[in-house]
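Participant: please find the sequence and the predicted model below.
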Amino acid sequence: MLVRARLCRILRTPGGNIVASDAVGRIHLLDSDLQVLLSSPVNRSTTPFYALLLSGDWVVGRDKLGNIARWDARTLEMTHWLETRSTSDEAFLWEDEEPSLTISRGIVELDGKVYVNNGFMQLVVLDLESFSVVDVRSSPSGDTPIEWMCVDLPDVHAVTDKHGNLYLGDLRTNSFPTTLSLDEDANLHRVRYDRLHHRFWVIQDEGSGETALISNGVVTVSPDGRVDQEERFALDDIECLEISEDGTRVYAAGFDGVIEEFDNTGPVLRRARSIGPFSHQVSDLALADDGCIYVLCQNGVLTKIDNAGRVVAKLDFTPQCMWDVDHVTTGTDEHAVLHFASDHGIVSVVPASSKVGPPTFSIVSTVQTGLGFSRRIRSFADGDGVVIGRSGTVARYGDAGVTWAHAIGGIVHDLSVSTEEDRVAVAANCGAFELRTADGEQLARHGLDGSPVWACSYLAGGELVLSTRAGRSVILTQDRQVRLRFEIGDFPKRMWQQSERTLTVTGGGGIRQFDLATGELIGHFKESLSNTAENAIFHHGFVYVVTYDSQLAVFREEGEFLGVIEGVLPDFPKALTILPNPSGADHLVVGGRGGYLSTFHLLEDGTPVPSSTTWLRDAGAPLPESYPVKHHGS
């Protein structure tokens with residue numbers, strides 16, 4: 001048996017097996033060597049379950065729309081399916097209110113009752129055995145989704161939300177007298193009770209105070225609500241936290257792709273070692289009794305590593321994602337080539353239009369760079385291109401493979417090519433770099449307040465825009481002096497010059513546009529966007545936006561919100577492009593995790609009508625077989 005879809009969550013069973021949920025709503029049981037023992041039948045909904053609970057004979061989950069399901073843990077047959085509206089108290093809903101599409105992991109069992117948010121952010125209480133609704137009440141986090149719940153300490157329960165708040169109180173009575181703000185305005189993905197030192201451990205997404213969106217880490221909090229200690233070590237989201245059975249070791253990991261191990265034998269926070277880097281961002285962990293660690297990366301790769309960081313077992317799964325796409329390079333739709341940055345290198349695709357149906361796609365070539373997944377891609381007029389990889393390397397490639405590679409180190413985020421194609425700019429955790437296109441020689445390095453640089457863009461006149469994770473931005477002149485400093489208001493994902501006067505930035509809080517002369521905010525597209533805006537494209541007076549909640553939203557360029565499509569894209573969207581059709585309506589193409597390309601027929605009023613989805617599954621290059629332990633100071 002094989003797992004075909006990306007895994008999203010893992011839980012360890014008391015017997016040492018692994019229960020996992022995947023991106024299409026199925027549940028799997030794996031043995032300790034990560035061989036598939038059982039898989040649930042195809043679900044009635046293909047929405048993934050991020051909230052997952054294993055209790056006794058049952059597996060319980062909540063999907064992204066707030067539907068709640070229960071499976072028999074022995075057979076993985078579904079026994080109950082509760083539509084999100086059936087578990088809601090409609091007296092407290094707005095007229096025609098629809099459930100919110102939310103990645104929420106908060107679910108817990110206490111005294112035979114299951115506590116979880118429904119799709120309307122109300123707190124549902126279910127009897128575990130009968131799976132009947134016992135109560136529907138207001139959530140301690142209000143209308144903000146609960147992200148995690150911890151009931152390991154009987155008298156004080158801990159709840160976290162997606163706006164950085166920790167609530168301490170009692171789930172039974174729904175009384176939470178203590179609230180602490182531990183993060184700027186983002187997820188507190190996990191909270192665990194440390195019985196050795198009678199405290200809670202909480203992980204951060206963005207951090208707080210002066211270091212917010214610069215560095216973040218773990219915070220320890222006493223049961224009476226006093227912040228004990230804080231240790232900052234990450235430059236990106238921390239997703240998971242586990243404490244060993246004896247309590248002496250604590251593990252935290254996230255989007256930096258490294259596991260941090262803490263020595264918890266004493267009360268002072270002390271990092272003992274780092275394990276990694278892994279092939280991708282770490283999204284979940286589970287601990288084995290023998291000291292091994294099950295590590296799930298966001299691309300669906302699941303490995304079991306031993307105490308030395310060596311891989312001892314791996315799930316048979318090949319990841320794929322269409323991270324980025326270059327513009328159509330030559331000719332009309334019938335002769336165009338699309339170059340996609342993927343998990344295994346560069347995939348070149350030829351689209352073919354049809355008079356009676358959606359376009360089709362054929363892979364014409366692949367270039368396996370061997371540099372980890374390719375996150376961004378830009379092509380040159382001569383047909384070559386340049387990519388950045390997860391391994392911290394920039395590379396130029398052609399039909400014969402990689403021409404040159406420049407190792408920057410660490411994690412790289414964004415890429416831009418100058419109008420003259422003589423320079424390449426790269427945004428990285430360790431700063432911004434400019435390289436010569438011809439041979440990859442480093443021409444300049446730019447710091448920006450000592451912060452990670454997450455986005456960059458050349459302007460038509462040769463100026464360079466840089467932006468940090470915290471949104472602090474500068475425009476550098478041709479001789480690389482600071483011409484302008486401005487704030488974009490949140491973390492960036494991508495940026496580009498939209499017009500002579502306009503810079504467009506995607507990221508936290510939607511799509512923002514800035515005046516390149518003054519840095520003033522002149523446009524903002526955010527209505528109904530429920531998560532990070534990953535990418536956007538402007539076409540014939542309309543703006544199409546994709547988000548981390550797999551939404552496709554449409555705006556007029558003047559700012560009017562026209563609507564949002566949810567539940568259509570198979571997984572996280574990344575790449576966007578337009579296929580022009582001289583004989584009819586154009587098509588929007590969305591590429592994303594799982595290696596899919598979804599096409600949308602664009603009506604004259606801007607409405608995107610879903611037309612087809614194609615999966616491009618490249619054989620790929622082998623992933624590394626070990627993730628070495630890196631001790632501090634080395």
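Facilitator: All right, it came through fine.
Participant: make it CA atoms for all contacts and neighbour counts henceforth
Facilitator: Noted.
Participant: of all the residues in stretch 447-460, which ones are buried?
Facilitator: Neighbour counts over stretch 447-460 (16 or more other C-alpha atoms under 10 Å) mark 448, 451, 452, 453, 454, 455, 456, 457, 458, 459 as buried.
Participant: ok, which pair from these is furthest apart?
Facilitator: 451 and 459 (22.1 Å; C-alpha to C-alpha).
Participant: show me where pLDDT drops low in this protein?
Facilitator: 328-335, 617-634 (pLDDT under 70).
Participant: would residue 210 count as being in a helix?
Facilitator: Yes: membership of residue 210 in a helix is supported by DSSP: H, G, I helix; E, B strand; the rest coil.
Participant: number of residues surrounding it?
Facilitator: Residue 210 has 9 neighbours, counted by other C-alpha atoms under 10 Å.
Participant: give me the beta-bridge partners of residue 219?
Facilitator: Note on residue 219: beta-bridge partners residue 202, residue 230, judged by DSSP bridges.
Participant: which residues sit in contact with it?
Facilitator: Neighbouring residues of residue 219 by C-alpha atoms under 8 Å, 6 or more residues apart in numbering: 182, 201, 202, 203, 204, 227, 228, 229, 230, 231.
Participant: equivalent analysis for residue 158, please.
Facilitator: Residue 158 neighbours (C-alpha under 8 Å, 6+ apart): 149, 150, 151, 166, 167, 168, 169, 191.
Participant: can you pick out the ones from the residues you listed that are in strands?
Facilitator: 149, 150, 166, 167, 168, 169, 191 (DSSP state E).
Participant: return the closest of the contacts of residue 158 with respect to residue 55.
Facilitator: Taking the contacts of residue 158 together and measuring to residue 55 by C-alpha to C-alpha, the closest member is residue 151, at 13.5 Å.
Participant: what about the helices in the stretch 501-634 of the chain?
Facilitator: Taking DSSP state H, counting those that start in this stretch, the stretch 501-634 of the chain contains no helices at all.
Participant: sorry, back to before: mark which of the contacts of residue 219 are buried, thanks.
Facilitator: Buried members of the contacts of residue 219, scored by 16+ other C-alpha under 10 Å, are 182, 201, 202, 203, 204, 230.
Participant: dump those into JSON lines; add distance to residue 218 as well.
Facilitator: Compiled in JSON lines, the buried ones among the contacts of residue 219 are given as follows (distance: C-alpha to C-alpha, whole Å):
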{"residue": "182", "distance to residue 218": "10"}
{"residue": "201", "distance to residue 218": "7"}
{"residue": "202", "distance to residue 218": "6"}
{"residue": "203", "distance to residue 218": "5"}
{"residue": "204", "distance to residue 218": "6"}
{"residue": "230", "distance to residue 218": "6"}
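Participant: just give me the closest of the residues you listed to residue 568.
Facilitator: residue 204 (30.6 Å).
Participant: how near is that closest one to residue 240?
Facilitator: Residue 204 is 10 Å from residue 240, where distance means C-alpha to C-alpha, to the nearest Å.
Participant: find residues that contact each of the two.
Facilitator: residue 189.
Participant: the stretch 301-450 of the chain: strands as residue ranges?
Facilitator: For the stretch 301-450 of the chain, the strands defined by DSSP state E, counting those that start in this stretch occupy 302-305, 311-314, 322-325, 338-342, 345-352, 360-367, 374-379, 385-389, 393-398, 401-407, 412-417, 423-428, 431-436, 442-446.
Participant: so for residue 24, which of those sits nearest?
Facilitator: The closest of those to residue 24 is strand 302-305. By C-alpha to C-alpha, the value is 16.8 Å.
Participant: ok, residues contacting the closest one?
Facilitator: 7, 33-34, 292-296, 311-315, 626.
Participant: which SS class is residue 465?
Facilitator: Applying three-state DSSP: residue 465 is strand.
Participant: so who does the closest residue in space to it that isn't next to it in sequence touch?
Facilitator: Spatial nearest neighbour of residue 465, excluding adjacent residues (C-alpha to C-alpha, 6 or more residues apart in numbering): residue 475 at 4.5 Å. By C-alpha under 8 Å, 6+ apart, the contact set of residue 475 is 463, 464, 465, 466, 482, 483, 484, 485.
Participant: for the most centrally placed residue in the chain, what are its contacts?
Facilitator: Of all residues in the chain, the one closest to the mean position by C-alpha atoms, centre = their mean is residue 548, 6.5 Å from it. Residue 548 is in contact with 531, 532, 533, 534, 572, 573, counting by C-alpha under 8 Å, 6+ apart.
Participant: which among those residues gets closest to residue 362?
Facilitator: residue 573 (20.1 Å).
Participant: okay, now that closest one: neighbour count?
Facilitator: Residues near residue 573, counting by other C-alpha under 10 Å: 31.
Participant: against residue 124, how distant is residue 93?
Facilitator: 14 Å.
Participant: still on that earlier bit, redo the contacts of residue 219 as TSV? Include distance to residue 248.
Facilitator: Output for the contacts of residue 219, formatted as TSV (distance: C-alpha to C-alpha, whole Å):
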residue	distance to residue 248
182	24
201	13
202	17
203	18
204	21
227	21
228	18
229	17
230	18
231	17
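Participant: for these, which two are the farthest from each other?
Facilitator: 204 and 228 (14.9 Å).
Participant: assumed the residue nearest to residue 465 was part of a helix.
Facilitator: No: read with three-state DSSP, residue 475 is strand and lies in no helix.
Participant: hang on, the earlier thing: which one's more surrounded, residue 93 and residue 124?
Facilitator: Using other C-alpha under 10 Å, the more surrounded residue of residue 93 and residue 124 is residue 124, with 24 against 13.
Participant: alpha carbons of stretch 185-192, as CSV, please.
Facilitator: The C-alpha trace of stretch 185-192 is given here as CSV (Å, rounded to 0.1, in the frame of the first residue of the first chain):
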residue,chain,number,x,y,z
ASP,A,185,-0.3,38.5,15.8
ALA,A,186,0.1,34.9,14.6
ASN,A,187,-0.3,31.3,15.5
LEU,A,188,0.8,29.7,18.7
HIS,A,189,0.8,26.3,17.1
ARG,A,190,1.5,24.1,20.2
VAL,A,191,1.5,24.3,24.0
ARG,A,192,2.7,21.4,26.1
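Participant: and for that stretch, what are the contacting residues?
Facilitator: 105, 147-150, 152, 158-166, 182, 200-206, 238-243.
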